[in-house]
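Q: no sequence on this one, just coordinates:
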C-alpha cells in the first residue's frame with residue numbers, strides 16, 4: 001500500500017496541474033491571435049491539489065500496520081503495533097470484538113484476555129474511553145496494539161472510584177491498553 005501511495009504521489013508531481021487543465025482560450029486582438037488563460041484554470045488547479053491531498057490522506061489512513069511501529073496521534077494518544085493483522089478495517093457503526101487488558105502504572109484495571117468471550121462494541125459509539133475510541137477505527141481484524149492514553153482521554157481529572165472487583169483510578173492517570181481486534 002505504501003508503494004501504491006508513493007507511486008500516486010510521484011505521478012501527480014510529474015504530471016503537475018497543467019496536464020489536467022482545460023486548454024487556453026484564443027482571443028483575437030487586432031489581426032494577431034493571442035492565448036489567454038481563463039480564471040477557471042486557477043480554480044481547477046486548486047481543486048486538483050485538494051483532490052490529490054485527499055487521495056494521499058485516504059491511502060495513508062487505510063495502509064496496513066507494521067509490527068513494532070510506534071505512532072503518536074495529535075491528541076496525545078500513542079500506540080505501538082505488536083502484531084499486524086490482514087483482516088478488514090471495521091466501519092463506524094459495525095460491531096467488533098476486541099480483547100484487551102488495561103493498566104494504570106503496575107495496577108491491572110481490567111483484563112478481557114482471561115474471559116471466554118471477547119468484549120463487543122460498536123465502532124465509534126462512544127462506549128469506551130475516548131482514547132480507545134480514537135484508535136479502534138484504525139485497526140484491522142487481527143491487529144494487536146499497545147495504546148498509551150493520556151489522562152484527559154481516559155478517565156479525566158475525576159478518575160474512577162473503586163467498585164466491586166475494580167480498583168480506584170486516580171485523576172488524570174495515563175492508561176496503557178493492550179488491545180487485540
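A: Looks like it came in fine. Predicted model, so just to flag it, every value in this text is computed and none were measured. Numbers count the residues shown, from 1 in each chain.

Q: low-confidence ranges in this structure?
A: Counting by pLDDT under 70, the ranges of the chain that qualify are 1-67.

Q: parallel or antiparallel, list what pairs with the top strand by length along it.
A: When the chain is parsed with DSSP state E, its longest strand is strand 95-104. Listed by DSSP bridges, the sheet partners of strand 95-104 and their directions read strand 107-111 (antiparallel), strand 119-122 (antiparallel), strand 175-180 (antiparallel).

Q: for those strands, which one ends up most surrounded?
A: Mean neighbour counts were taken over these using mean count of other CB atoms under 10 Å, and the top value, a mean of 20, falls to strand 175-180. Where C-beta positions appear, they are placed from N, C-alpha and C, glycine not excepted.

Q: please name the residues that touch residue 88.
A: Each residue near residue 88 by CB atoms under 8 Å, 6 or more residues apart in numbering is listed here: 140-141.

Q: that older thread, now do the buried residues in the longest strand of the chain.
A: Counting neighbours by 16 or more other CB atoms under 10 Å, one finds that the buried residues in strand 95-104 are 96, 98-104.

Q: so can I have JSON lines of those showing distance to residue 170?
A: As requested, these are arranged in JSON lines below (distance: CB to CB, whole Å):
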{"residue": "96", "distance to residue 170": "30"}
{"residue": "98", "distance to residue 170": "25"}
{"residue": "99", "distance to residue 170": "25"}
{"residue": "100", "distance to residue 170": "20"}
{"residue": "101", "distance to residue 170": "19"}
{"residue": "102", "distance to residue 170": "14"}
{"residue": "103", "distance to residue 170": "13"}
{"residue": "104", "distance to residue 170": "7"}
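
Q: need the nearest residue in space to residue 111, chain neighbours excluded.
A: residue 101 (4.1 Å; CB to CB, 6 or more residues apart in numbering).

Q: check contacts around the one you found.
A: Taking CB under 8 Å, 6+ apart, we find residue 101 in contact with 108, 110-113, 177-178.
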